[in-house]
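1. coords below, sequence missing:
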């Protein structure tokens, strides 16, 4: 007799003899005894403790990986600054264009990391995006309008590195 010709285990044969009998329903928590509930509770606590330990163990590695990715994004900017310094004795106009290109590259890195630059004028003052450092009289603009950006801001309203430092028009009296 081969493996396939053997009789099914007694449990399987009992199920096949009475196919109309439903499988026993899982017990509801109210039907479980106190010991089993306590056992489940202790297992859940142990599982939670294991998750905490795993998170504590893995988090430094994840942070280091993210730090390395962000730093690597800046390496081309540093390389281009070093090239500019190597050519410091070149034509001043060429140096200025090179520095502008490196600045644009740095702004692209900030944008790719999720912190776009904002330096818009003529927009209403938004306390989330702007920090007022000066209030000026400007009869050509509505009160509370950004008339000058003194230091650009970086990021979106929900995630900012810093707000833009702005001058805002005051209400005309």
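-> That came through, no problem. Keep in mind the model is a prediction, meaning the values are calculated, not measured.

2. Can you verify my assumption that residue 153 contacts residue 164?
-> Yes: contact criterion Cβ atoms under 8 Å: residue 153 and residue 164 qualify, at 3.3 Å. No exception for glycine: its C-beta is placed from N, CA and C like everyone else's.

3. Common neighbours of the two, please.
-> Taking Cβ atoms under 8 Å, 6 or more residues apart in numbering as the criterion, residue 153 and residue 164 both touch 118, 119, 129, 130, 131.

4. Now tabulate those in TSV and tack on pLDDT and neighbour count.
-> Below are those laid out as TSV (pLDDT from 0 to 100; neighbours: other Cβ atoms under 10 Å):
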residue	pLDDT	neighbour count
118	95	19
119	95	15
129	94	18
130	96	21
131	96	14
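
5. what's the closest of those residues to residue 90?
-> Residue 90 has its nearest neighbour among the shared contacts of residue 153 and residue 164 in residue 119, at 29.3 Å by Cβ to Cβ.

6. still on that earlier bit, so of the shared contacts of residue 153 and residue 164, which ones are in strands?
-> 118, 130, 131 (DSSP state E).

7. Tabulate these (TSV), appending distance to residue 70.
-> Shown next, in TSV, are these (distance: Cβ to Cβ, whole Å):
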residue	distance to residue 70
118	20
130	26
131	25
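
8. Give me the mean pLDDT for the helix or strand harbouring residue 67.
-> Using DSSP states H and E, residue 67 sits in helix 34-86. The pLDDT scores in helix 34-86 average 92.

9. If you count neighbours, what's buried in whichever helix or strand comes after it?
-> For helix 34-86, the following helix or strand on the C-terminal side (DSSP H and E) is helix 92-112. Residues of helix 92-112 classed as buried by neighbour count (16 or more other Cβ atoms under 10 Å): 98, 102, 106, 107, 109, 110.

10. if we take those residues, which one ends up nearest to residue 67?
-> When those are compared against residue 67 (criterion: Cβ to Cβ), the nearest one is residue 109, at 14.5 Å.

11. of all the buried residues of helix 92-112, which two lie farthest apart?
-> 98 and 110 (19.1 Å).

12. Quick check: the closest residue to residue 76 other than its chain neighbours vs residue 154, distance?
-> Leaving out its chain neighbours, the residue that sits closest to residue 76 by Cβ to Cβ, 6 or more residues apart in numbering is residue 105, at 6.5 Å. Distance, residue 105 to residue 154, using Cβ to Cβ, to the nearest Å: 15 Å.
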